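Asker: quick one: sequence and predicted model below, then my questions.
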Amino acid sequence: MARCVIVGCGCRGLALTRVLSGRGHAVRATTRYPGRRAEIEAAGAELFVGDPDRVATLWTAFDHAGVVCLLLGSASGGEEQLAALHSTRLDMLLEKMRDTTVRGIVYEVRGTVAPELLAAGAQRVRHACDRSLIPMRCSTPIPAITRRGRSRPPTSSRACCSVAERALTDRSGPADRRGSGRSRPR
């Protein structure tokens with residue numbers, strides 16, 4: 001039984017998988033590429049082949065899950081495809097989650113996708129979560145500093161792991177959890 005589902009298991013998703021599974025959490029990682037099975041399973045997750053552009057392919061990934069991490073901040077595709085992914089597709093995905101065991105959503109708010117798309121996506125997630133009393137937390141990649149003092153590209157694995165673990169272990173009621181954890185962008 002997966003307690004945490006990672007939608008968009010690319011580089012940051014694999015890093016998050018390693019951390020969460022290393023801490024004893026059951027993880028289900030989604031990818032649209034079945035050839036990544038060995039890599040994902042080696043990181044400690046159950047593989048689930050699904051595509052956020054085709055919401056119906058992800059429906060059963062949420063079975064018995066407590067938290068969903070939407071790591072779509074660096075998704076690839078054309079402008080129209082990315083706009084749909086962070087709007088209409090995201091709305092459909094959130095609507096499907098309402099009838100599942102999901103009790104927490106972590107949404108990645110930074111990445112290579114246009115900031116305005118991610119901000120609009122965060123608003124959509126916030127609205128859906130407020131409507132359904134599902135707690136929402138936003139994960140912001142934090143730049144890592146090298147030993148020489150230069151910053152490396154942001155990585156969300158630690159930040160996302162922190163908010164995902166809080167969502168996994170939080171036992172308070174939905175109204176108490178909403179808004180706790182990492183601050184939501186305004």
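Answerer: Okay, I see it. Numbers count the residues shown, from 1 in each chain.

Asker: which strands and helices lie in contact with the helix or strand containing L14?
Answerer: Assigned by DSSP states H and E, L14 belongs to helix 11-22. Counting contacts by 3 or more Cβ pairs under 8 Å, 6 or more residues apart in numbering; DSSP states H and E, helix 11-22 is packed against strand 4-7, strand 27-31, helix 37-42, helix 157-169. C-beta coordinates here come from the backbone N, C-alpha and C atoms, glycine included.

Asker: and that helix, how far from the chain's centre?
Answerer: From the chain centre to the centre of helix 11-22 is a distance of 12 Å (Cα atoms, centre = their mean, to the nearest Å).

Asker: got the angle between it and strand 27-31?
Answerer: Helix 11-22 and strand 27-31 are oriented at 160 degrees to each other (axes from the mean of the first three to the mean of the last three Cα atoms, to 10 degrees).

Asker: still on that earlier bit, pick out the shakiest of the helices and strands packed on helix 11-22, pLDDT-wise.
Answerer: Looking at those, the lowest mean pLDDT belongs to helix 157-169 (a mean of 66).

Asker: follow-up on the earlier one: average pLDDT across the helix holding L14?
Answerer: For helix 11-22, mean pLDDT is 88.

Asker: what do you get for stretch 76-91?
Answerer: Stretch 76-91 carries an average pLDDT of 95.

Asker: if we can go back for a sec, could you list the buried residues of the helix holding L14?
Answerer: For helix 11-22, the neighbour count (16 or more other Cβ atoms under 10 Å) marks 12-21 as buried.

Asker: hey, C-alpha coordinates of the longest helix along the chain in CSV?
Answerer: Counting by DSSP state H, the longest helix found in the chain is helix 115-132. Output of helix 115-132 as CSV, limited to C-alpha atoms (Å, rounded to 0.1, in the frame of the first residue of the first chain):
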residue,chain,number,x,y,z
PRO,A,115,6.3,31.0,-13.1
GLU,A,116,2.8,32.3,-14.0
LEU,A,117,1.6,28.8,-15.0
LEU,A,118,2.9,27.4,-11.7
ALA,A,119,1.4,30.3,-9.7
ALA,A,120,-2.0,29.7,-11.4
GLY,A,121,-1.6,26.0,-10.8
ALA,A,122,-1.0,26.6,-7.1
GLN,A,123,-4.2,28.7,-7.0
ARG,A,124,-6.1,25.9,-8.6
VAL,A,125,-4.7,23.4,-6.1
ARG,A,126,-5.5,25.8,-3.2
HIS,A,127,-9.1,26.3,-4.4
ALA,A,128,-9.7,22.5,-4.8
CYS,A,129,-8.2,21.8,-1.4
ASP,A,130,-10.2,24.5,0.3
ARG,A,131,-13.3,23.1,-1.3
SER,A,132,-12.7,19.5,-0.3
